[in-house]
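**Q** Show me how the following folds:
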Amino acid sequence: MAADTVWALEAHLETCAPCRSHLAASVATEAPDVVALLDTVRAGLEPQLDAAVRAPSRRHRPRWVSAWLTPAMTPWLAMTVVVTLTALLLGAVAPPTFFGEASPVLPIAPVLPLCGVAASWSRGLDPVHELTASTARAGLPLLLRRTTAALVVVLPGLLLGGWLTGTMTAAQWLLPSLAFTSTALALGSVVGVTRAAVGLVVAWGVVAVVPAWATGRVPLALQLALQPDRLPVWGLLLALGIGAVIVRRKAYSTL
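**A** Numbering: from 1, shown residues only. Prediction:
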């Protein structure tokens, strides 16, 4: 069968007990050689398994956690939250002349979600990446789940921080954040999601973040990018990124 047909069949069998039972019964009647092979392997393994030392039991994670998150995302998301809180704290306690008119949070807010996106589909950061990439639900669906999980963690923190400090409004950074995220996913279909996310963060840092923190003033590039009248441009970038992801949706299973 074709690879996509096999993946669809495996995905269905994961959640359909009647079909699994029907398949098991069919194997027993239609493929006795397979049953004999399995019995032989089981007979050879059972004595070894009985004699093996059992590993200590671990706390079982709910299935939805594994479906939406990867273990590598936890430290990345924690780091993102710490960076956000640190920037908010500096903006609240630092002297007015330290940052000048530039909020320490505003320059980094548009690209903070990319930290979680970079870790959501990374070969180097996920210790079970090979197993994950070979499952029936690998590719774009799993990538979108993990990206959504990153946004759910990062965006509420930024919204709360901006509301508590009054230093920035959601209109200034929310749409740019989503546009950066969709652009990272679109570029990721060509160069890899982690490379795309890191590249966008570095480019934004050179253009906006470093000049803002070094001079204590909002650089011209940041002023032009985050002005309310630039929101249609960010909306267009968001739409283009989503369109590119849809067009390249089959490329994510082979990254």
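
**Q** number of nearby residues for residue 235?
**A** 14 (other C-beta atoms under 10 Å). The way it works is simple: take the backbone N, C-alpha and C, and place the C-beta from them, glycine included.

**Q** Now do the same for it: helix, strand or coil?
**A** Here residue 235 is recorded as helix under DSSP: H, G, I helix; E, B strand; the rest coil.

**Q** Any figure for the gap between it and residue 6?
**A** According to C-beta to C-beta, to the nearest Å, residue 235 and residue 6 sit 39 Å apart.

**Q** Would you mark the buried spots in the helix or strand containing residue 46?
**A** Under the criterion of DSSP states H and E, residue 46 resides in helix 32-51. Across helix 32-51, burial judged by 16 or more other C-beta atoms under 10 Å covers no residue at all.

**Q** Show me what the mean pLDDT comes to for that helix.
**A** Taken as a whole, helix 32-51 carries a mean pLDDT of 86.

**Q** Output the contacting helices and strands for that helix.
**A** helix 17-30 (3 or more C-beta pairs under 8 Å, 6 or more residues apart in numbering; DSSP states H and E).

**Q** C-alpha coordinates for the helix it packs on, CSV please?
**A** The C-alpha coordinates for helix 17-30 follow below in CSV (Å, rounded to 0.1, in the frame of the first residue of the first chain):
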residue,chain,number,x,y,z
ALA,A,17,-10.9,-1.1,19.1
PRO,A,18,-13.4,-3.0,16.8
CYS,A,19,-11.1,-2.7,13.8
ARG,A,20,-8.1,-3.8,15.9
SER,A,21,-10.1,-6.9,17.0
HIS,A,22,-11.2,-7.6,13.5
LEU,A,23,-7.6,-7.3,12.3
ALA,A,24,-6.3,-9.6,15.0
ALA,A,25,-9.0,-12.2,14.1
SER,A,26,-8.1,-11.9,10.4
VAL,A,27,-4.4,-12.5,11.0
ALA,A,28,-5.2,-15.6,13.0
THR,A,29,-7.3,-17.1,10.2
GLU,A,30,-5.7,-15.7,7.1
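
**Q** now that helix against helix 32-51, angle please.
**A** 110 degrees (axes from the mean of the first three to the mean of the last three C-alpha atoms, to 10 degrees).

**Q** ok, residues contacting helix 17-30?
**A** 12-13, 34-35 (C-beta atoms under 8 Å, 6 or more residues apart in numbering).

**Q** switch the cut-off to 10 Å
**A** Residues outside helix 17-30 that contact it (C-beta atoms under 10 Å, 6 or more residues apart in numbering) are 9, 12-14, 16, 34-35, 38.

**Q** and which of these is nearest to residue 202?
**A** residue 14 (38.9 Å; C-beta to C-beta).

**Q** in which helix or strand would I find residue 138?
**A** Short version, using DSSP H and E: residue 138 is in no helix or strand.

**Q** from what I can see it touches residue 252, true?
**A** Yes - Residue 138 lies in contact with residue 252 (C-beta atoms under 10 Å); the separation is 8.1 Å.
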